[in-house]
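Novice: Sharing a model prediction with you, sequence too.
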Amino acid sequence: MEEQKKNKSGFSLIEAVVVLFLFGFIGVMTLESYTAFRTNNNIYLARFEIISTLRRAATKSMAVSEDSAWGVNLANDRLIIFKGSNFNLRDINFDEVHPLPSQITISPGGDIIFNKFTGQPSSPVSITLSSNNSHAEIQINQKGFIAY
């Protein structure tokens with residue numbers, strides 16, 4: 001008698017498990033890369049927004065817009081350009097609010113006031129932006145030069 005050869009087709013359980021493991025591994029690596037990209041992108045966008053806002057406030061002070069000094073209030077979720085030399089005594093009708101990504105932490109918070117005519121800050125400032133393991137710094141020297 002002649003033995004009949006069986007035609008085997010399909011995947012074994014081990015092959016299926018290996019393929020699922022590889023897809024899972026690729027998925028996890030992709031997710032980690034995407035998360036890191038998103039964090040870095042949020043820091044970049046927040047840094048750009050802060051620098052633009054600081055330059056706008058300095059320009060308004062140099063132009064003596066509304067015959068006043070101008071400042072920027074830094075908080076973790078937003079920036080406010082305000083008229084005056086004190087955030088608490090400001091005229092809220094002139095506020096310009098700029099939202100920031102909620103995942104970003106800004107330190108130190110508070111106010112940066114730019115002097116009338118010169119547009120120089122009242123004191124040098126170093127701002128640190130951080131989120132997870134990423135961070136960036138913005139430096140403002142006594143002359144108002146912004147380095148990042």
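Specialist: Received, thanks.

Novice: low pLDDT regions in the chain?
Specialist: For the chain, residues meeting the criterion pLDDT under 70 lie at 1-8.

Novice: Could you pull out the strands in it for me?
Specialist: 70-74, 78-83, 96-99, 105-107, 110-114, 125-131, 134-140, 146-147 (DSSP state E).

Novice: who wins for proximity to N42 among those?
Specialist: strand 125-131 (6.1 Å; C-beta to C-beta). No exception for glycine: its C-beta is placed from N, CA and C like everyone else's.

Novice: which parts of the closest one are buried?
Specialist: Neighbour-count burial for strand 125-131 flags 125, 127, 129-131 (criterion: 16 or more other C-beta atoms under 10 Å).

Novice: which other residues reach stretch 108-128?
Specialist: Applying C-beta atoms under 8 Å, 6 or more residues apart in numbering, the contact partners of stretch 108-128 are 50, 54, 57-62, 64, 68-76, 85-87, 106-107, 135-144.
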